[in-house]
Structures are given as C-alpha cells and as structure tokens.
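Peer 1: Just need the structure, nothing else, for what follows:
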Amino acid sequence: MPDLISDVSSLDLALAYRIHRMARRLRVHLVRLLAEHAPEISPEQWFLLFRLHERDGRSQSELTDPVLDDRPNVSRQVAGLIRTGHIERQPDPADGRRFQLFLTDAGRERVEQVLPVIVETRRALFSSVPPDALQTFSDVLATLETELLSSEEPTA
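Peer 2: Below you'll find the predicted structure:
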C-alpha cells in the first residue's frame, strides 16, 4: 500500500491534491445544478442564501468566512442578491452602524425550491458510499481543519 502522505511519485496519489480536485468537481456539479434550477444564483450566493435560511438576520460580517477572509467577495455577492431581490438589508436595531440581512419572500421561495433538488442530487451522488465511511470522512475533514487552524494561530 502506498504512503499517501509522503509518496511523491504521483500527484494523483497525494491526498491533499485529491481533496482539492474533489472540491473543484463538487463545485462544478453545484454550478450545473444551479444553472438548471436557479440560473441567477452563483454557488457563493447559494451558500449565503443557505446561511440566511439557517438563521435570518445575520450581519454581513457573520456571513464572512474568517478562514478564507472573503469580505470583498461577500460584499459583491450580497449586492448581487439584493439586486435580484433575494435578500434585503435592514438596520440593526441594536447597533445603528450595522445592517442585518434577511431573505425576502422571493429568496425564501428560491431556497425552498432549490434545496430539495440539491439534497436529493447529493444523496444520489454519495449513495455508493456506506454511511459509516461518510461519517469517518467527515470526522477526518474536521480533524484536518482543526489541525490547520491551530497551526495557523500566531504564537505568543
């Protein structure tokens, strides 16, 4: 069995590369799903809509991934979702300097329309993988993410 961490004989065997490649393929898969069922929404916008579906009334900074530091991209995506009528910005009653973002009725309807399609398509995609293997894979990803986050923290 090859050493999946230190074998440098083939990039295709490197786990990090395989994860990267799979992430890109999953993104392309999502792009195709959205093109068919919600052509006005990009994958990044879909993730923002889903976050608001999880909990409406978040601030824009709450939608920014601190690991990716994607503030400018989130700003562009939010502006696009406001323009298409999927979300709206309202003043934060607790802090007049901030705004909260909410799904509009059209945004809520779009999420309710597209979410079942994405869930069913992903379910079919992962159907050949046993549930315990998926759980192990999820646990491994969480462990790796924790390791990477702790290695990036500044030392005192």
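Peer 1: who's in contact with Arg110?
Peer 2: Neighbouring residues of Arg110 by Cβ atoms under 8 Å, 6 or more residues apart in numbering: Ala38, Ile41, Leu49, His86. The C-beta positions use only the backbone N, C-alpha and C, and glycine is treated the same way.
Peer 1: export those residues to TSV and tack on distance to Arg58, pLDDT and neighbour count?
Peer 2: TSV is the format used below for the contacts of Arg110 (distance: Cβ to Cβ, whole Å; pLDDT from 0 to 100; neighbours: other Cβ atoms under 10 Å):
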residue	distance to Arg58	pLDDT	neighbour count
Ala38	21	96	19
Ile41	18	95	23
Leu49	11	95	23
His86	14	98	25
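Peer 1: and those, which of them are in helices?
Peer 2: The helices, defined by DSSP state H, take in Leu49 from the contacts of Arg110.
Peer 1: Quick one: the contacts of Arg110 as TSV, columns for distance to Val74 too.
Peer 2: Listed next are those as TSV, based on distance: Cβ to Cβ, whole Å:
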residue	distance to Val74
Ala38	19
Ile41	15
Leu49	12
His86	14
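Peer 1: quick one: the helix or strand hosting Leu144 to chain centroid distance?
Peer 2: For Leu144, the host element (DSSP states H and E) is helix 131-152. A distance of 16 Å separates the centroid of the chain from that of helix 131-152, by Cα atoms, centre = their mean, to the nearest Å.
Peer 1: Flag every buried residue along that helix.
Peer 2: For helix 131-152, the neighbour count (16 or more other Cβ atoms under 10 Å) marks no residue as buried.
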